[in-house]
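Visitor: Whatever this is, show me its structure:
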Amino acid sequence: MTTSTYAAAKATETKTTFSKTTSVGININATPQRIWGLLTNAADFPRWNSTVESIEGNIVQGEKIKLRAKIAPGRVFNLAIKEFVPSQKLVWADGMAPMFSGVRTFTLTPNADGSTHFSMSETIKGLMMPMIAGSLPDFRQSYDQYAADLKAEAEGR
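Guide: Okay, the predicted model is just below:
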């Protein structure tokens with residue numbers, strides 16, 4: 001096994017007055033195609049991802065999905081798939097810019113040893129941030145769990 005700078009998931013968070021970005025990255029011993037299959041199979045998400053209650057809809061370019069996350073019980077996130085590059089990049093977003101918007105980006109980067117670096121980053125921003133920042137949860141633990149769940153499922157653990 002090759003040692004990598006992406007050995008463990010440890011989410012980071014960056015805040016400014018009008019934005020909050022949470023990011024996580026992890027090295028997964030699986031192909032980008034295997035990981036992509038997991039990230040784009042909406043119906044199967046709750047089986048392997050302990051941070052997601054459900055996803056309704058199809059995760060494909062131009063579609064809209066409804067996501068329910070355990071970190072926000074009772075809330076439905078209506079997300080639009082903004083970018084869809086198979087086995088490389090997925091972007092979904094919601095909100096009404098410039099008041100408030102959230103954009104989550106998933107990136108898969110193949111490594112020379114046959115593994116894949118998975119990264120997930122979400123930026124929440126807008127003019128309303130100063131008013132709602134205090135009510136937003138700390139997403140880091142949820143992001144660490146998301147990455148760990150994806151790694152375990154992709155590696156067949």
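
Visitor: from here on, contacts and neighbour counts on C-alpha atoms
Guide: Fine.

Visitor: Show residues contacting stretch 20-27.
Guide: 4, 6-15, 115-125, 139-140, 143-144, 147, 151 (CA atoms under 8 Å, 6 or more residues apart in numbering).

Visitor: Okay, and which of these map to strands?
Guide: 12-15, 116-125 (DSSP state E).

Visitor: and residue 70, what is it in contact with?
Guide: Per CA under 8 Å, 6+ apart, neighbours of residue 70: 51-53.

Visitor: out of the residues you listed, which is most surrounded?
Guide: With neighbours taken as other CA atoms under 10 Å, the top of these is residue 51, carrying 20 neighbours.

Visitor: What does that residue show for phi and psi?
Guide: Main-chain dihedrals, residue 51, degrees, to the nearest 10: phi -90, psi -10.

Visitor: buried residues in stretch 76-94?
Guide: 77-84, 87-94 (16 or more other CA atoms under 10 Å).

Visitor: Now the residue nearest to residue 15 when sequence neighbours are not counted: which helix or strand?
Guide: Closest residue to residue 15 apart from its sequence neighbours, by CA to CA, 6 or more residues apart in numbering: residue 21 at 6.4 Å. Using DSSP states H and E, residue 21 sits within strand 19-28.

Visitor: contacting residues around whichever helix or strand comes after that strand?
Guide: Using DSSP H and E, the helix or strand that follows strand 19-28 towards the C-terminus is helix 32-39. Contact with helix 32-39 is made by 44-45, 86-88, 108-110, 116, 150, 154, as judged by CA under 8 Å, 6+ apart.
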